[in-house]
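A.B. asks: take this sequence and fold it.
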Amino acid sequence: MSFHDILYGVEDGVALIRFNRPDQLNAARMETHAELIRALDMADADDAVRAVVVTGEGRAFCAGTDLASGGFDLPEGGDPATGEGVPPDVGGVTVLRLYDMRKPVIGAMNGAAVGFGLTFTLGMDIRIVAEDAKLAFPFTRRGICAESCCSWFLPRIVGLEQAMEWMLSGRTFLGKEAAAKGLALQALPAADVLPRAMDLAREIAAQTSAPSVAVTRALLLRGLGAAHPAEAHAYESRAISACLAGPDAAEGVAAFKARRAPAFTGRVAETDYMQDWEAKT
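C.D. replies: Numbering: from 1, shown residues only. Have a look, this model is predicted:
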């Protein structure tokens, strides 16, 4: 499948997605969103892919929405007061696709990440950032507001007060601050960001069970909205039962006893049972 705004490739069990508009600092237009969703669909459906890394070509990760290509223009119509007929925020559609992934997604933020370029990463599972990268949620300085589901993700990642300070001020901050405040796992020199993200992705691909990773990721995300730990207990009890019925649990124990690397054969398709849990719980 051909892409124009991104690059896509698979190696060592890792799908690497690169923003590929370096002359525009990888700013995202409508075509970019469509291609990102197609690439995520491909990675999720491919059993050869165990983890996904997203990075940017050139010196930026993603400079946000491409204002030159239409920017904040949306189809006319709809009633914001009632929500009827209001067009969906395109960034939110893309981030929700990230949320529904069955493979872990790691952001290798090699440079500037602003607006959508930063909110997009909130739907990822792990973020590695260049220590001198310029980051911002600039929406209040552009006359708009939180988008791409960041009002849900950001307070859960860094806490409400820090989310408020960054979002309300719209100020620019550096990658080293993002790591210090918990927005990123690590802040590294820019040249080390992608290699670190790829090493982590390859470790997941080589050492873990695909169904176990998919289920664990889903359990952690569901737990964010649980009102009581008993909800987590109920989900985990069902997940453990399902895992024990699959081939990888027995293989994991056998490999441990034999002091060898496990040869897992489970597929993420085996975790489709989780899709019905919300309605039945």
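A.B. asks: before we move on, what SS does the residue nearest to residue 93 when sequence neighbours are not counted have?
C.D. replies: Spatial nearest neighbour of residue 93, excluding adjacent residues (Cβ to Cβ, 6 or more residues apart in numbering): residue 33 at 7.0 Å. Where you see a C-beta, it was placed from the backbone N, CA and C, and this is true even at glycine. Secondary structure assignment for residue 33 (DSSP: H, G, I helix; E, B strand; the rest coil): helix.
A.B. asks: so residue 33 touches residue 88, yeah?
C.D. replies: No - here residue 33 does not reach residue 88: they are 11.0 Å apart, not a contact under Cβ atoms under 8 Å.
A.B. asks: which of the two has more residues huddled nearby?
C.D. replies: Using other Cβ atoms under 10 Å as the criterion, residue 33 and residue 88 rank with residue 33 on top: 20 against 9.
A.B. asks: list the contacts for the more buried one?
C.D. replies: Each residue near residue 33 by Cβ atoms under 8 Å, 6 or more residues apart in numbering is listed here: 90-91, 93-94.
A.B. asks: let me know the closest of the residues you listed to residue 182.
C.D. replies: Checking the contacts of residue 33 against residue 182 by Cβ to Cβ gives residue 91 as the nearest, at 22.1 Å.
A.B. asks: burial count for residue 186?
C.D. replies: 18.
A.B. asks: quick check: it vs residue 192, distance?
C.D. replies: 9 Å (Cβ to Cβ, to the nearest Å).
A.B. asks: now do residue 176
C.D. replies: Remark: distance between residue 176 and residue 192 (Cβ to Cβ) = 13 Å.
A.B. asks: kindly report the same for residue 210.
C.D. replies: Residue 210 sits 28 Å away from residue 192, going by Cβ to Cβ.
A.B. asks: which of those two has more residues huddled nearby?
C.D. replies: Neighbour count, other Cβ under 10 Å: between residue 210 and residue 192, residue 210 has more, with 25 against 16.
A.B. asks: correct me, but that one touches residue 267?
C.D. replies: Yes - here residue 210 reaches residue 267: they are 6.0 Å apart, a contact under Cβ under 8 Å.
A.B. asks: what residues are shared contacts of these two?
C.D. replies: residue 47.
A.B. asks: how about low-confidence regions in the stretch 1-150 of the chain?
C.D. replies: Low-confidence segments of the stretch 1-150 of the chain (pLDDT under 70): 1, 70-77.
A.B. asks: mind checking the SS state of residue 198?
C.D. replies: Secondary structure, three-state DSSP: residue 198 is helix.
A.B. asks: can you offset everything so residue one is 11?
C.D. replies: With 11 as the first residue, the last one maps to residue 208.
A.B. asks: residue 242 is in contact with residue 229, correct?
C.D. replies: Yes - judged on Cβ under 8 Å, residue 229 makes contact with residue 242 at a distance of 7.1 Å.
A.B. asks: all helices for the stretch 11-160 of the chain, in order.
C.D. replies: Here the stretch 11-160 of the chain has its helices, by DSSP state H, counting those that start in this stretch, at 40-55, 100-109, 126-132, 160-168.
A.B. asks: now, of these, which is deepest in the fold?
C.D. replies: Among those, ranked by average contacts under mean count of other Cβ atoms under 10 Å, first place goes to helix 126-132 (a mean of 27).
A.B. asks: so which elements touch that one?
C.D. replies: strand 70-72, helix 100-109, helix 160-168 (3 or more Cβ pairs under 8 Å, 6 or more residues apart in numbering; DSSP states H and E).
A.B. asks: what's next to the longest one, contact-wise?
C.D. replies: It stands for helix 100-109. By Cβ under 8 Å, 6+ apart, the list of residues contacting helix 100-109 reads 38, 40, 43, 46-47, 50-51, 75, 115, 126, 129-130, 132-134, 157-159, 163, 231.
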